[in-house]
Each structure stands twice: as structure tokens, then as C-alpha cells.
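1. build me a structure from this.
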Amino acid sequence: MAVATTPEDLSRLMSRIGAGDRGALRQLYDATSAKLFGVCLRILSDREESEDVLQEVYVTVWRRADRFDASRASVMTWVSTIARNRSIDRLRARGPMAYAEPVEEMDLPDDKAVGAEALLVAAGEEGRLHNCLSELDDRTENVIRTAFFEGVTYDALARRMDTPLGTVKSWVRRGLAKLKGCLEQ
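-> Numbers count the residues shown, from 1 in each chain. Just a heads-up that it's a prediction; the model follows:
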């Protein structure tokens, strides 16, 4: 059986999953699990926890597939958001020490690593995103990458950077506004 690769294939699988087709869930897993595991692993930095969260993601997909709306997001965006949110929830459950590494010492995600950026490749948006990110100042780009690609909260970023929370939120808000404008061009 061929693995679903196109957005249309994935949307058809979601419809079948919503109707209770377990085989379709297996096909979706085969098509998306590597990328979603990368999302979880990038955020959690723990293989076992990432595997647990990945299982939770597919349970959530099974339960909520009937609510998926292809007019609002692609399947990859939808399942990636679930994976990201579940991973962040798990990270937050660890407590404040999960965020101990200072921002200056953090490695930025490798452009070829499986993660949130890799998901954009499937949508053909990687180049545009990198171009738009490069237009931001270094600090804003780092904060946005850390918050959105690694799942670190604004509060944790503020603590890492020893910067007021409101300032970090302002950097992110202004940076996202610039990114939005750039991506809409």
C-alpha cells in the first residue's frame, strides 16, 4: 500500500478516520509520524517522552478527525499543531527547571533537521519563511525560532534572557507582524 504524500491524500485519510476507519489512521501514521516525532523531539529533547506524546497525538487525531476542516488548515498543519501543543504541555508539566538553558547558549534548529521548519517544506513554504526570518533582527529571529520551533513559552524566554516578560512579548508581536507582512507579499 502506497504512503499518502499529497495534501489531498491526507485530507481523504482524515475523512476516512472521521468515519472510524482504523486502516486510514495507520496510513496517516505512516505518512506523518516521522515528521511529528521530529516536532516532539525538538521540543522535549527526550526520545521516550516524545514517543509517549506522539501516541497521544494519534489518539487525539482519532478522536477529533471528524472536526478537521480542510478549508482552515492542511492536515500536516493540523496534526503538527496538535503535536506541538501536546509537547509544550508535557514540557510545562516538567516545571521551571525545564527552561534552565540561557538563550545565548542555545543552538538554533538546524535547517535540515526534522521539525516545524521541515513541515513547511511539505507546503512549499520553507524558502519564503527563511527569507522572511532573515529580514528580522537577530534577537527577534532567535526569540521567534525558540518560541515557535522549539515550543519555549514567553515566560521561559523572559527568564532565560533576564528580560521583562512584556518586552519579550513585544519583540515576538512585532516580529510576527513583520513575518506576516512578508509572507503575505
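
2. per-domain residue ranges of the chain.
-> Domain segmentation of the chain under automatic domain parsing yields 1-94, 101-185.

3. buried set for stretch 36-45?
-> 36-44 (16 or more other Cβ atoms under 10 Å). Just so you know, the C-beta spots here come from the backbone N, C-alpha and C atoms, and that holds for glycine as well.

4. return the member of those nearest to L157.
-> I43 (13.9 Å; Cβ to Cβ).

5. ok, longest helix in this structure?
-> helix 22-44 (DSSP state H).

6. and that helix, how far out from the chain middle?
-> 12 Å (Cα atoms, centre = their mean, to the nearest Å).

7. quick one: mean pLDDT for that helix?
-> Averaged over helix 22-44, pLDDT sits at 92.

8. how about it as CSV, C-alpha atoms only?
-> The C-alpha coordinates for helix 22-44 follow below in CSV (Å, rounded to 0.1, in the frame of the first residue of the first chain):
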residue,chain,number,x,y,z
ARG,A,22,-8.6,2.4,11.5
GLY,A,23,-6.7,1.5,8.4
ALA,A,24,-6.8,5.2,7.4
LEU,A,25,-5.3,6.1,10.8
ARG,A,26,-2.5,3.6,10.1
GLN,A,27,-1.9,5.2,6.7
LEU,A,28,-1.8,8.7,8.3
TYR,A,29,0.6,7.4,10.9
ASP,A,30,2.9,6.0,8.2
ALA,A,31,2.8,9.3,6.2
THR,A,32,3.3,11.7,9.1
SER,A,33,4.8,10.0,12.2
ALA,A,34,8.5,10.7,11.3
LYS,A,35,7.8,14.5,11.0
LEU,A,36,5.6,14.6,14.0
PHE,A,37,8.1,12.7,16.1
GLY,A,38,10.7,15.3,15.0
VAL,A,39,8.4,18.1,16.3
CYS,A,40,8.0,16.3,19.6
LEU,A,41,11.7,15.5,19.9
ARG,A,42,12.8,19.0,19.1
ILE,A,43,10.6,20.4,21.9
LEU,A,44,11.1,17.8,24.5
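
9. going by mean pLDDT, which of the domains of the chain comes out lowest?
-> Among the domains of the chain, domain 101-185 scores lowest, at a mean of 71.
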